[in-house]
Each structure stands twice: as C-alpha cells, then as structure tokens.
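1. Quick one, fold the following:
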Amino acid sequence: MTGTAVQWRRVTVVDGVDRREILVSTLSPLSDSLRNEGIDLESRSVVVIASDGSRIDVSLVSTVADGALLTVVEPQPAGRAKTLPRGRVGAGALDFTGVLWISAASVAAIVAMVTALAGGPGGAVEGLAALRYAAAAVFALLAVVAILTIHPHRSTQKPGTVFSATFVVVPAMLAFSAGFLAIPTALEASVHLAIFAGFAAAALATAGAHVRSTGTVAGGATGLVTVTLAALAALFAATLVLGFDVSVSAALAAGAAPVALRVLPTFCLDIPDGQLLEYGEFMRNRWTVRGAIPEGSHPVTAAGMRPVMARARMQLRTGTVLFSAIPALLVPMLLVAPGTGVISDVATVVLVATIIVSFLLSPRRANSPLLRWTPRVGAAIVALEFTVVRGLADPGLPGLVLAAVALVVALLVAATMVPIARGTRSLGISRTADILENLATAFSFPAAFVAATMIDILRGAVS
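-> As a prediction, this is how the structure comes out:
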C-alpha cells in the first residue's frame, strides 16, 4: 500500500502588527493551517489577501506558492460611525478657533506692512511710537498664547496624522509682526533691522512650537520652518552688519528658493544609517574600530514606517509651501530697489525668469494637488509682481513693453498648463521641459548673485 506524502509550503502571514512564518499543507484547507498556527478566523470577520491583491478562499485546499506573502485584513463594517475625540474637529467642519487665530495673524501682518510703507523716518506714523510698541507687545503675547493653545494636529479618523497649518503659521506671523514693530523707525536702516528682528522672532516662535510638537509627526514640519526662518534671519543680519542694502538679502534668498525646492525631497525621509548598511561588518581596520558603530538594522513593518512616512509627507508639503512663498515675499524688495547698473537690471530679469520657469516645471512629478499647484501659484505671483512693479517704475515705452512681454509669456505658460493637467503627454515636450527646468534651477542662484550686485561688492573689496 502506498501513502500520499504530505507537501508543505512555507509562507509569511501578516496579521495587523504580527508577522510570522508558518507551514501550510497543500492537502488541507488553508483555514486549518492558519487556525493551527493560532490565527483567529472565527471571532472576527477577516479576509486573506495574496501578494498580488487577490482574495484567497481559505475554505479551499491551499494552492499558495512557497514563500508567498499572505495578509489578514479585517474590513471596516459599513455604516459604523467613529466618535470624534474631544477637542478635535472634522475635516469638513469650520474651525472657528482657527479662523480667529488666522484673523489675528492677518491683522498683525497688515499692521506691519502698513508700518513698513508709511513708518520710515519722517513717515506719517513716526510719532506713534507708543502705539507701535503696544502693538508689538500685544502681538508677542498672542504668539506665546498661540504656541501654548493651538493643537498641532486636527483629524477625525486618524488622530495625530493631519498637521494643522495654523500651529506654525499663526505664531510665526504674530512673532514676525511683533519683532518688526519693536524696531524704532528713527534708526538708520530701520527697515532692514526690522526685517531681521521679525525673522528672528518668527524663528524663536516656531522653535517653541517645535519643542511642543517633539515626538509627534508634526516635528518635521516645525523643524524645517524653524531652520529656514533662522537662516533668513542670519542672512539679513549678515548683510546688515556688512552695510549692504536689504535688496541683497532678498535677491539671495529668492534665488536659493528653487534650489531648496529641488533638493527638499532628499532630506525629508530620515532613515538610520545602520538600516541601510551593516557597519559592524566592515569597521574592522584600525581607523574605524574606534568609531561609534551606528545602530543596527531592524525589521521594517507597516506600523513602524507609518509615522516615518507621515512625518516625511508633512515636511515635504510644508517645505513646498514655504519655499514657494519666499520669492513672492522677497522679490518686491529687489524690484523696488534703486538700479545700480545695466548688469544688475538684466540679472534681475533673469532671476525672475528662472524662478518662474523652475516653479512652473518642477511640480510635474508631484503626486498631490498641493505639491503641484503651490509652486505654480508662487510663480504666478512673482510674474504679476514683476509686471506691476516694472510697469509702474518705468511708465515709458520700454517699461511698458517689458511688462507686456512678461505678462504675455506668463499667460502662454499658464495656458500650456491646462492640456498638461488634463493628461496630455509628449516625450519631446517632457525632455525639453526637463532641460529648461534644470537650467532654470541651476542658474537661479548665480543670477541672484549678480542681481544682488555681489560682483561689484567683491570687486570693491579686493581692489
């Protein structure tokens, strides 16, 4: 009498956060093998999914291949409503507290802008120093209250995974306005000093928000904003100490924005070094054995990667919005500055063109509406600012022609975005766009260097 040999397949089963390797018999239903390994299939409604996404009927004899990956999924029952945690609001609900904070920050920004336009030495509001200082104190107090009271997340279904932009925007705007208004207008280079004080105060406020969000997925966003604002404050402080005009800082910061937007994705995903390379296996010679060996690798699970990916997505979105807004905020300072020569004027036009082209073409690889359209909105704002300022500064025929050409080019570029957004594809156009994007990103900072008259400054320093 001959017997039938039992055949076994070694498969991997993922059940929630539990991951195990089991042996599955090819002569019995799959449910028996799973039940023998302690996987609960009776007390809950589950579905077994293969690695290709197909559903497996566990009541039939197993036909899975050796080394297959099986995932046990518990579907969410339809119609079961989730209870909102206390203190959280729905994604579609109107957050009145957030509206109030945004309104307060907008008022602070408007007050600072009006003061910058009319509050210089001899300005209309120069005599209202006490009111300026009182407003600065109020805005500073509101910034502290905002840091302590605004929650860094707002969500309904997944608490702690949706970042609240109010948590960073409101304290930064209030603190910037407070620092800007705290500088007396009678000082020399008061506007330059006020901008530096505003960026320094905003960096301090976002640093407080970063401390409060430590250990959460919002920490990546607050950390990026803090570092960026601190870098802007350092740039304006350096140019102020060296005696340069405020347009120098504005040009350098605006020219660095396309480069920062291009390299941003490479810095968002933070993976430990030991996860990618087993350093202990290679640190054997006398020059490396004394160094600290990075922490070794560990199994990668969905539960472990979920906060890492959420943090990276928040940092990418925050950085995209921030770097897209920097040229729109700083380019007007460069455009209204008095011209220093033909070379710097031409470099300013080239700088604006490179920013627009880079911001229009770089989001083609983005996979979300925010990442696709935020740089394009920033490019449109820069083009509009250039058209208006140049047209008003030079009402003659050359200025009007230049403004009209810039406006027509901006409209043509915007019109080409419509068929591209609808799915039109062309390999030749894509290659051409890649070349233009790379050239614009590469030449943005050199153009900013020339537009900031840094060549003349270096020539005078070494002569």
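
2. which residues touch Ala366?
-> Going by CB atoms under 8 Å, 6 or more residues apart in numbering, Ala366 touches Arg372. Where you see a C-beta, it was placed from the backbone N, CA and C, and this is true even at glycine.

3. how close does Arg313 sit to Val217?
-> Between Arg313 and Val217 the computed distance is 9 Å (CB to CB, to the nearest Å).

4. Looking at those two, which is more packed in?
-> The residue with more neighbours, out of Arg313 and Val217, is Val217; 23 against 19, by other CB atoms under 10 Å.

5. Assign the more buried one to helix, strand or coil.
-> coil (DSSP: H, G, I helix; E, B strand; the rest coil).

6. try the one 4 residues further on
-> Using three-state DSSP, the secondary structure recorded for Ala221 is helix.

7. And the closest residue to it other than its chain neighbours, how close does it get to Thr228?
-> Sequence neighbours aside, Thr318 is the residue nearest to Ala221 in space, at 3.9 Å (criterion: CB to CB, 6 or more residues apart in numbering). Between Thr318 and Thr228 the distance, using CB to CB, works out to 10 Å.

8. Report the backbone C-alpha coordinates of stretch 55-70 in PDB.
-> As requested, the backbone C-alpha atoms of stretch 55-70 are provided in PDB (Å, rounded to 0.1, in the frame of the first residue of the first chain):
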ATOM      1  CA  ARG A  55      -8.600  37.400  -2.300                       C
ATOM      2  CA  ILE A  56      -8.000  33.800  -1.200                       C
ATOM      3  CA  ASP A  57     -10.800  31.500  -0.200                       C
ATOM      4  CA  VAL A  58      -9.500  29.900   3.000                       C
ATOM      5  CA  SER A  59     -12.100  27.100   2.800                       C
ATOM      6  CA  LEU A  60     -10.500  25.500  -0.200                       C
ATOM      7  CA  VAL A  61      -7.300  23.400  -0.300                       C
ATOM      8  CA  SER A  62      -4.300  25.600  -0.300                       C
ATOM      9  CA  THR A  63      -2.600  26.300  -3.600                       C
ATOM     10  CA  VAL A  64      -0.200  29.100  -2.500                       C
ATOM     11  CA  ALA A  65       3.300  29.000  -3.700                       C
ATOM     12  CA  ASP A  66       6.300  28.600  -1.500                       C
ATOM     13  CA  GLY A  67       7.500  31.900   0.000                       C
ATOM     14  CA  ALA A  68       4.200  33.600  -0.600                       C
ATOM     15  CA  LEU A  69       3.000  36.600   1.500                       C
ATOM     16  CA  LEU A  70      -0.500  36.400   2.900                       C
END
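
9. Give the full set of residues in contact with Ala237.
-> For Ala237, the contact set (CB under 8 Å, 6+ apart) comprises 196, 200.

10. how about the helix or strand hosting it: buried residues?
-> Mapping Ala237 onto the secondary structure by DSSP states H and E places it in helix 219-242. Taking 16 or more other CB atoms under 10 Å as the basis for neighbour counts, the residues of helix 219-242 that come out buried are 219-226, 228-230, 232-233, 235-237, 239-240.

11. now do stretch 338-346
-> Ser344.

12. pLDDT of that stretch, averaged?
-> Averaged over stretch 338-346, pLDDT sits at 77.

13. Make 8 the first number, not 1, from now on.
-> Sure, I'll start counting at 8 from here, so that last one is stretch 345-353.

14. Please identify the buried residues of stretch 212-222?
-> Judged by neighbour count (16+ other CB under 10 Å), stretch 212-222 contains these buried residues: 212-217, 219-220.

15. will you turn the residues you listed into TSV that also has secondary structure?
-> As requested, the buried residues of stretch 212-222 are exported to TSV (three-state DSSP):
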residue	secondary structure
Ala212	helix
Thr213	helix
Ala214	helix
Gly215	helix
Ala216	helix
His217	helix
Arg219	helix
Ser220	coil
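
16. quick one: least confident of those residues?
-> Least confident by pLDDT among the buried residues of stretch 212-222: that is Ser220, with 79.

17. My read is that it contacts Pro159, right?
-> Yes: look at Ser220 against Pro159 with CB atoms under 8 Å: they come within range, at 4.6 Å.

18. okay, and the common contacts of the two?
-> If you check Ser220 and Pro159 against CB under 8 Å, 6+ apart, the residues they both contact are 174, 229.

19. residue ranges of the strands in this protein, please?
-> With DSSP state E applied, the chain shows strands at 15-22, 25-32, 54-56, 62-63, 76-80, listed in chain order.

20. which residues does Leu276 contact?
-> By CB under 8 Å, 6+ apart, the residues touching Leu276 are 315-316, 319.

21. Out of those residues, which is nearest to Val349?
-> Using CB to CB, Ala319 is the member of the contacts of Leu276 that sits closest to Val349, with 45.1 Å.

22. Just give me the neighbour total for that closest one.
-> Using other CB under 10 Å, Ala319 is surrounded by 19 other residues.

23. For it, give its distance to Gly205.
-> Shown here: Ala319 relative to Gly205, a distance of 29 Å by CB to CB.

24. just Ala144 next, same as before
-> Where Gly205 is concerned, Ala144 sits at a distance of 15 Å (CB to CB).

25. What about the residue nearest to Ala228, how many residues nearby?
-> Residues lying near Thr325 (other CB under 10 Å) number 24.

26. Test my guess that it contacts Val232.
-> Yes: between Thr325 and Val232 a contact is recorded at 6.4 Å, counting by CB under 8 Å.

27. Need the overlap of contacts for the two.
-> For the pair Thr325 and Val232, residues contacting each of them under the criterion CB under 8 Å, 6+ apart are Val175.

28. just for the stretch 108-257 of the chain, where's the confidence low?
-> Scanning the stretch 108-257 of the chain for pLDDT under 70 picks out the ranges 122-135, 160-171.

29. In it, what residue spans correspond to helices?
-> 136-156, 173-188, 197-219, 226-249, 253-275 (DSSP state H, counting those that start in this stretch).

30. now the residue nearest the centre of the chain: how far from Ala143?
-> Here the mean C-alpha position of the chain is nearest to the C-alpha of Gly326 (CA atoms, centre = their mean), at a distance of 2.1 Å. Here Gly326 is placed at a distance of 29 Å from Ala143 (CB to CB).

31. Kindly report the same for Ala258.
-> 28 Å.

32. So which of those two has more stuff around it?
-> Ala258 (29 against 23).

33. The residue lying closest to the more buried one once chain neighbours are set aside: neighbouring residues, count only.
-> With sequence-adjacent residues excluded and distances taken as CB to CB, 6+ apart, Ala258 is closest to Ala459, at 3.9 Å. Around Ala459 sit 29 other residues, with neighbours defined as other CB under 10 Å.
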